[in-house]
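**Student:** Build the 3D model from these lines:
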Amino acid sequence: MIAGMLVWATLAAAAPVTRLDVAVENLRSSKGLIRICLTADPDNFPACVDDGKALTRSIPAATRSLSFGGLPQRGYALAIIHDENSNSRLDTFAGIPREGFGFSRNPVVRFGPPRFAAARFVLGGDAELQQVKMRYIF
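**Tutor:** Numbers count the residues shown, from 1 in each chain. I've put the predicted structure just below:
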């Protein structure tokens, strides 16, 4: 974790920085948590499991927005789940999500999550806003 913070600090010192504001829309309830992953690594999208540089946050579902400050200006993608039962994972049935999910740029979702390129946005300037619409199958 400290190594990841040092990498972000080094990147931030080398490039202009900006802020990302995230607004989560269409939540079906205020139960549980919203779990957010911000990554610049296509190989670790959307799970962010092996991405030491990914930024992850969990906020109460009633909050519905947050900001990431001091980010280097570059391309990123967001993956968000509505963890209604707060068990730290996306619950599925036969591979189909039972809880809400969403991605930056709100790409079309067919069979499985979108590719990084479909959710990718570029941070530039002082601040960026991503409005993510949650989707529910069940």
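
**Student:** how many other residues sit next to Phe68?
**Tutor:** Residues near Phe68, counting by other Cβ atoms under 10 Å, number 18. Where you see a C-beta, it was placed from the backbone N, CA and C, and this is true even at glycine.

**Student:** go on, the one 10 residues further on?
**Tutor:** Look at Leu78: counted by other Cβ under 10 Å, it has 24 neighbours.

**Student:** who touches the nearest residue to it once chain neighbours are set aside in this structure?
**Tutor:** Computed as Cβ to Cβ, 6 or more residues apart in numbering, the closest residue to Leu78 that is not its neighbour in sequence is Ser104, at 3.8 Å. Residues near Ser104 by Cβ atoms under 8 Å, 6 or more residues apart in numbering: Tyr76, Ala77, Leu78, Ala119, Arg120, Phe121, Gln130, Val132.

**Student:** how far is the strand or helix carrying Phe68 from where the chain is centred?
**Tutor:** Secondary structure from DSSP states H and E places Phe68 in strand 65-72. Its chain's average C-alpha position is 11 Å from that of strand 65-72, according to Cα atoms, centre = their mean, to the nearest Å.

**Student:** how about the residue lying closest to Cys37 once chain neighbours are set aside, phi and psi?
**Tutor:** In space, and not counting its chain neighbours, Cys37 is closest to Cys48: 3.9 Å by Cβ to Cβ, 6+ apart. Per-residue torsions, Cys48: phi 60, psi 20 (degrees, to the nearest 10).

**Student:** now do Val24
**Tutor:** Dihedral angles for Val24 - degrees, to the nearest 10 - are phi -100, psi 120.

**Student:** Could you report the pLDDT at it?
**Tutor:** On pLDDT, Val24 comes in at 98.

**Student:** how many neighbours does the residue nearest to it when sequence neighbours are not counted have?
**Tutor:** Leaving out its chain neighbours, the residue that sits closest to Val24 by Cβ to Cβ, 6+ apart is Arg64, at 4.8 Å. Neighbourhood size, Arg64 [other Cβ under 10 Å]: 15.
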